[in-house]
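[1] When you get a sec, could you give me coordinates for this:
(one chain, ligands or ions: 2)
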Amino acid sequence: MRYISTRGSAPSLGFEDVLLTGLATDGGLYVPESLPKFSLEEIRSWRGLSYSELAFRVMYPFVEDAIPADDFRAMLDDTYSQFTHKAVAPLVQLDSNEWVMELFRGPTLAFKDFALQLLGRLLDYVLEKRKQHVVIMGATSGDTGSAAIEGCRRCEHVDIFILHPHQRVSEVQRRQMTTVTGDNIHNIAVKGNFDDCQRMVKASFGDQSFLKGKTQLVAVNSINWARIMAQIVYYFQASLALGGPDRSMAFSVPTGNFGDIFAGYLAREMGLPVSQLVIATNRNDILHRFMSGNRYEQQKLEHTLSPSMDIMVSSNFERLLFDLHGRDGDAVRDLLERAQQGPVSIEDYRWKNARKLFDSAAVDDAGTCDTIREVFEANEYLLDPHTAIGVKAARACRRDPAVPMITLGTAHPAKFPDAVKQSGVGVEPALPHHLADLFEREERYTVLDDDLDAVQGFIGSHWKHA
Ligand SMILES: Cc1ncc(COP(=O)(O)O)c(C=O)c1O
Ligand SMILES: N[C@@H](CCOP(=O)(O)O)C(=O)O
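    Ligands and ions are numbered 1, 2, ... in the order given. Down below sits the predicted model:
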């Protein structure tokens, strides 16, 4: 399997190199040259498999040139044994044909663990084989950071630098990152927002001279293909549990960087019957405005009760645009360059093509709180604010009540006690046992200005062999 850039001019790479990179050299994102396609018969034959065996069937075509089957299986078994529910991604029913898929049963209580627990093991495997050291640089609006640290911290060949927006993540999220000790772990609180952090990460991938040629950067954000790959699996899992592939499914996905929902799109491209994907956003609704009106326009980033989705520059949307433009990298580059100057649209027929599958809704803080309360009153089930946005969008956009609608439950409510409190449900979600003393642990992080030189200077002087 080769991987090509969405901007068309970077060299194609194999899996190992794609794993060890971030952006392509032309500024694009890597995608598989072609996707594996599974027949309905083959997908049907996967019913009853364990999560890790299903993960093997779905993902192995992407990695087979780089990793022997037994080694990959062992990695997957180890990865998904870290999850606290036997089903790994259990389904909870809210109403007739309406479900939440709980993706927060991993070590850091968000869906990011599905991919980042695996990514840590993949990096360990490849870097040990190559005897190579790398610097991980990532941006987080709250969840990727702790999942990346937890997934990669035991890997002796990496230093980890995570940028989060200062005072813009929940206290639980911040503590989950900053209380992990280890000489190779560095948390940087940037006086800016998530987009500022992500912009610095992307700029650093584009010009790594601050590392003086002694090491290289690796991405843990969903610009790294391996992140997306691992997120495809749970769409198959949910569908198989509810009668797929012999019936279609609809998914509602709380969306920020467009990685999770893009994985759902890929599951469909690989053969899973999916009839609808709902893009659920908070007030940072650039994707909703595009999907509802074919206008892609940056606006000022707002701080909401769902901080992990406080994102305006949505990285993986580029991967969808690449497909919508018949995989024409020049067209994608041109569009995204114009988008930096002002609002852009795509040709009407391309947008209508997207609309056959995608719907969207934007939910404000009041709607988020109302949904947490409504679901709690009806089901005695507590949603986190991101999942609540997914549920509300699912209910607003549903096309066919006969089709199961599955909202991705992207985080545990205990990560966002303030939002839960504001919803007025009158219960306090407890942190699980392994995090029970989180508020007593010592924190370590460095606050820096929103300044690329300051951040690169910090990384350049703090990595292990600097
Ligand atoms: C809890 C939570 N929900 C939803 C999202 C959005 O996911 P994506 O960025 O893949 O669209 C994120 C972060 O990205 C998140 O942390
Ligand atoms: N919501 C994310 C933002 C980064 O998204 P990613 O999926 O590209 O890593 C977070 O919690 O950090």
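[2] use CA for all of it now, contacts and neighbours both
    Fine.
[3] Quick check, the residue in the stretch 1-150 of the chain closest to ligand 1?
    In the stretch 1-150 of the chain, the residue found nearest to ligand 1 is D143; the distance is 4.7 Å by CA to the nearest ligand atom.
[4] Distance of that residue relative to ligand 2?
    Taking CA to the nearest ligand atom, to the nearest Å as the measure, D143 falls 3 Å from ligand 2.
[5] for that residue, what are its contacts?
    For D143, the contacting residues are 108, 110, 112, 173, 308, by CA atoms under 8 Å, 6 or more residues apart in numbering.
[6] In those, find the pair that's most separated.
    Farthest-apart pair in the contacts of D143 is T108 and S308; separation 13.8 Å (CA to CA).
[7] quick one on the thing from earlier: include secondary structure, neighbour count and distance to ligand 1 when you put the contacts of D143 into a markdown table, please.
    Formatted as a markdown table, the entries for those read as follows, by DSSP: H, G, I helix; E, B strand; the rest coil; neighbours: other CA atoms under 10 Å; distance: CA to the nearest ligand atom, whole Å:
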| residue | secondary structure | neighbour count | distance to ligand 1 |
| --- | --- | --- | --- |
| T108 | coil | 28 | 11 |
| A110 | strand | 23 | 6 |
| K112 | helix | 28 | 7 |
| Q173 | helix | 22 | 10 |
| S308 | helix | 26 | 4 |
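[8] which among those are in contact with ligand 2?
    Cross-checking the contacts of D143 against ligand 2 (CA under 6 Å from any ligand atom) gives S308 as the overlapping residues.
[9] Just send the contacts of D143 back as CSV, with pLDDT too.
    Formatted as CSV, these follow (pLDDT from 0 to 100):
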residue, pLDDT
T108, 98
A110, 98
K112, 98
Q173, 98
S308, 97
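[10] List just the nearest of the contacts of D143 to F236.
    Closest approach to F236 among the contacts of D143 (CA to CA): K112, at 17.2 Å.
[11] quick one: the closest one and T144 touch, right?
    Yes: the pair formed by K112 and T144 meets the contact definition of CA atoms under 8 Å, at 5.9 Å.
[12] Run through the residues of the stretch 101-250 of the chain sitting next to ligand 1.
    Where proximity means CA under 6 Å from any ligand atom, the interface of the stretch 101-250 of the chain facing ligand 1 comprises 110, 143.
[13] Up against ligand 2, what does the stretch 101-250 of the chain have?
    Applying CA under 6 Å from any ligand atom, we find that the stretch 101-250 of the chain lies next to ligand 2 at 140-145, 221-222.
[14] Is it possible to get a markdown table of those that adds secondary structure?
    Formatted as a markdown table, these follow (DSSP: H, G, I helix; E, B strand; the rest coil):
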| residue | secondary structure |
| --- | --- |
| T140 | coil |
| S141 | coil |
| G142 | coil |
| D143 | helix |
| T144 | helix |
| G145 | helix |
| N221 | coil |
| S222 | coil |
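[15] Now for V391: which residues touch it?
    Contact analysis of V391 by CA under 8 Å, 6+ apart lists 252, 371, 407.
[16] what's the burial count for the second one?
    This points to T371. Applying other CA atoms under 10 Å, we find 24 residues neighbouring T371.
[17] From Q198, how far off is L452?
    L452 sits at a distance of 11 Å from Q198 (criterion: CA to CA, to the nearest Å).
[18] For the stretch 301-450 of the chain, which residue gets nearest to ligand 2?
    Per CA to the nearest ligand atom, S308 is where the stretch 301-450 of the chain lies closest to ligand 2, at 4.1 Å.
[19] hey, C-alpha coordinates of the helix or strand that contains D70 in CSV?
    In this structure, D70 is located in helix 69-80 according to DSSP states H and E. Extracted in CSV, the C-alpha atoms of helix 69-80 (Å, rounded to 0.1, in the frame of the first residue of the first chain):
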residue,chain,number,x,y,z
ALA,A,69,0.6,-10.4,10.7
ASP,A,70,1.5,-12.0,14.0
ASP,A,71,3.3,-8.9,15.3
PHE,A,72,0.4,-6.7,14.3
ARG,A,73,-2.1,-9.0,16.0
ALA,A,74,-0.1,-9.0,19.2
MET,A,75,0.0,-5.2,19.1
LEU,A,76,-3.8,-5.0,18.7
ASP,A,77,-4.4,-7.5,21.5
ASP,A,78,-2.2,-5.5,23.8
THR,A,79,-3.8,-2.2,22.8
TYR,A,80,-7.4,-3.2,23.3
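[20] quick one on the thing from earlier: name the nearest residue to the residue of the stretch 301-450 of the chain closest to ligand 2, ignoring sequence neighbours.
    Here the nearest residue to S308 in space, its sequence neighbours aside, is S141; by CA to CA, 6 or more residues apart in numbering that works out to 4.7 Å.
[21] ok, the one you found - contacts?
    By CA under 8 Å, 6+ apart, the residues touching S141 are 164-165, 168-169, 194, 307-311.
[22] Among those, which ones are in strands?
    For those, membership in strands holds for 164-165, with DSSP state E as the criterion.
[23] ok, of the contacts of S141, which come out buried?
    Buried subset of the contacts of S141 (neighbour count, 16 or more other CA atoms under 10 Å): 164-165, 168-169, 194, 307-311.
[24] out of these, who's nearest R73?
    For the buried ones among the contacts of S141, the residue nearest R73 by CA to CA is S308; the value is 31.3 Å.
[25] wait, the closest one sits on G256?
    Yes: S308 lies in contact with G256 (CA under 8 Å); the separation is 7.4 Å.
[26] what about the strands in the stretch 101-250 of the chain?
    With DSSP state E, counting those that start in this stretch as the criterion, the stretch 101-250 of the chain has strands at 134-139, 158-165, 185-191, 216-219, 249-254.
[27] Could you list the paired strands of the second one along with their orientation?
    Strand pairing for strand 158-165, using DSSP bridges, gives strand 134-139 (parallel), strand 185-191 (parallel).
[28] Can you say which of those strands is packed in most?
    Ranked by mean neighbour count, the strands paired with strand 158-165 are led by strand 134-139 with a mean of 25 (mean count of other CA atoms under 10 Å).
[29] tell me how far it is from the chain's mean position?
    With CA atoms, centre = their mean, to the nearest Å as the basis, the distance from the averaged C-alpha position of strand 134-139 to the chain average is 16 Å.
[30] Check stretch 404-418 too.
    Between the mean C-alpha point of stretch 404-418 and the mean C-alpha point of its chain there is a distance of 14 Å (CA atoms, centre = their mean).
[31] touching ligand 2 at all, it?
    No: applying CA under 6 Å from any ligand atom, one finds stretch 404-418 separated from ligand 2 by no less than 9.6 Å.
[32] re earlier: check the residues of the stretch 101-250 of the chain next to ligand 2 and tell me the two furthest apart.
    Within these, G142 and S222 form the most distant pair, 13.9 Å apart (CA to CA).
[33] quick one, which of the two is more surrounded?
    Remark: of G142 and S222, G142 carries more neighbours, 27 against 24, as counted by other CA under 10 Å.
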